[in-house]
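[1] sequence first, then the predicted structure:
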Amino acid sequence: MPNKRVHLDTVVLEAVELLGADERKSFQELADEAFADLLKKHHRPVGLHNALRQSLRHTPANTNRRKS
């Protein structure tokens, strides 16, 4: 996994570390959860499996819908 650097304000970092201690999660686990939530919010898939699932059409292209 490639490493990336992220700058966090001291206050934010302390709050994240306290949350990690309370939830018994590492900083990496909290970061993974936060980025997954961000991608979900913006309707972006996480991983190939989810990208393929999202790319499927909900309605087949050749289906003629009848208007009632």
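    Here it is on my side, so go on. Numbers count the residues shown, from 1 in each chain.
[2] now the lowest-mean-pLDDT helix or strand in the chain, how far from the centre of its chain.
    None of the helices or strands of the chain scores lower by mean pLDDT, DSSP states H and E than helix 48-55, at a mean of 83. Centroid displacement of helix 48-55 relative to its chain, using C-alpha atoms, centre = their mean, to the nearest Å, is 13 Å.
[3] report the contact partners of the residue nearest the centre of the chain.
    For the chain, the residue whose C-alpha lies nearest the mean C-alpha position (C-alpha atoms, centre = their mean) is residue 36; its distance is 1.6 Å. Neighbour list for residue 36: residue 46 [criterion: C-beta atoms under 8 Å, 6 or more residues apart in numbering]. Just so you know, the C-beta spots here come from the backbone N, C-alpha and C atoms, and that holds for glycine as well.
[4] now it: phi and psi?
    Its backbone dihedrals place residue 36 at phi -60, psi -40, with angles given as degrees, to the nearest 10.
[5] try residue 43
    Per degrees, to the nearest 10, the backbone of residue 43 is at phi 50, psi 40.
[6] repeat that for residue 46.
    Per degrees, to the nearest 10, the residue geometry at residue 46, taken as phi and psi, is phi -110, psi 110.
[7] residue contacts, it?
    Going by C-beta under 8 Å, 6+ apart, the list of residues near residue 46 reads 36, 39-40.
[8] any stretches of the protein with poor pLDDT?
    Filtered on pLDDT under 70, the chain yields the residue ranges 57-68.
[9] again, 50 this time
    The chain contains no residues with pLDDT under 50.
[10] just the helices in this protein please.
    With DSSP state H, the ranges of helices along the chain come out as 10-23, 27-41, 48-55.
[11] can you lay out these as CSV showing distance to residue 4?
    Written out in CSV, the entries for those read as follows (distance: least, C-beta to C-beta, whole Å):
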stretch, distance to residue 4
helix 10-23, 16
helix 27-41, 10
helix 48-55, 20
